[in-house]
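Engineer: task: produce atomic coordinates for the following.
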Amino acid sequence: DELLPVISGITNAIVKEHYLRKLSFLLHTSYESIAKELEKKQKRTPILPQIPKIQPKRSREEILEEYLISLIIQSEDPHLALEKANTILAEVFPKEKACQKLLDTLTDYFQYNEKFDSRKFEQLLPQELHFIYNKSILFPLPSFPSPQKYLHEIEKVSRELRELSLREKIRILGEQISEYEKEGKSEEVESLRSEYAHLLSLLHK
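Structural biologist: Numbers count the residues shown, from 1 in each chain. A predicted model of the protein is given here:
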């Protein structure tokens, strides 16, 4: 129900059919059933004038997070794709980020399930993660010549996200050290410098 209004807004008929077929595959139902449901929803929804929205500029990190989630969810083997990303991002990615929360939920899912079922997984997600998950299903991915190239893309994106996350942590930590030095908090400074050095070592791994 959340995805149909998004697809309904696509004006290109070929692109719309592509996403309807993709959605029907993920939901294990027929294309015809999805198309009929979309038609019913369009009849019930009044057509309102479109007001252009000013989209806020997103950071490189946000774009990569969305791309990574889409690569994992749309992978032929989401479990393997997830393991590849987790190996690189472990203990680096902020736990409070929606991307990491979704990855954590997916990790928990595979502790009890061998195969990925999109509907079953969606039921485990808190409401706050439904939007990012639905977007990941429909995100237009490029084609890859082989499964190895696909995994390599996941590795490349994960490594860039890891570096961006580490650099941000190092920046914030550097500011904290400067503040504590001004306040004469020598013990805190020593502790933060130790953490700072640790993050630098992770950055160069």
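
Engineer: now do stretch 154-162: everything it contacts.
Structural biologist: With contacts defined as CB atoms under 8 Å, 6 or more residues apart in numbering, stretch 154-162 is touched by 61, 64-65, 67-68, 71-72, 75, 81, 84-85, 88-89, 92-93. C-betas here are computed from N, CA, C, even on glycine.

Engineer: stretch 142-150 too?
Structural biologist: 71, 75-77, 81, 153.

Engineer: tell me how many other residues surround Tyr133.
Structural biologist: Per other CB atoms under 10 Å, the neighbour tally for Tyr133 reads 21.

Engineer: for the closest residue to it other than its chain neighbours, list the residues it contacts.
Structural biologist: Nearest residue to Tyr133, sequence neighbours excluded (CB to CB, 6 or more residues apart in numbering): Leu125, at 5.8 Å. Each residue near Leu125 by CB under 8 Å, 6+ apart is listed here: 102, 105, 133.

Engineer: now Gln100
Structural biologist: Gln100 neighbours (CB under 8 Å, 6+ apart): 89, 93-94.

Engineer: 10 Å instead, please
Structural biologist: 65, 89, 92-94, 161, 165 (CB atoms under 10 Å, 6 or more residues apart in numbering).

Engineer: please apply the same query to Ser186.
Structural biologist: Contacts of Ser186 by CB under 10 Å, 6+ apart are Tyr180.

Engineer: from Leu200, how far out is it?
Structural biologist: Using CB to CB, to the nearest Å, we find Ser186 at a distance of 21 Å from Leu200.

Engineer: just the ones of the contacts of stretch 154-162 in helices?
Structural biologist: Among the contacts of stretch 154-162, the ones falling in helices (DSSP state H) are 61, 64-65, 67-68, 71-72, 81, 84-85, 88-89.

Engineer: and of these, the nearest to Glu175?
Structural biologist: Using CB to CB, Glu61 comes nearest to Glu175 of the ones in helices among the contacts of stretch 154-162, at 18.4 Å.

Engineer: okay, now that closest one: neighbour count?
Structural biologist: Residues contacting Glu61 under the criterion other CB under 10 Å number 16.

Engineer: likewise Ile63?
Structural biologist: Ile63, neighbours per other CB under 10 Å, totals 11.

Engineer: one more: Lys22?
Structural biologist: 17.

Engineer: please apply the same query to Tyr112.
Structural biologist: 7.

Engineer: next: Ser146.
Structural biologist: If we define neighbours as other CB under 10 Å, then Ser146 has 8 of them.
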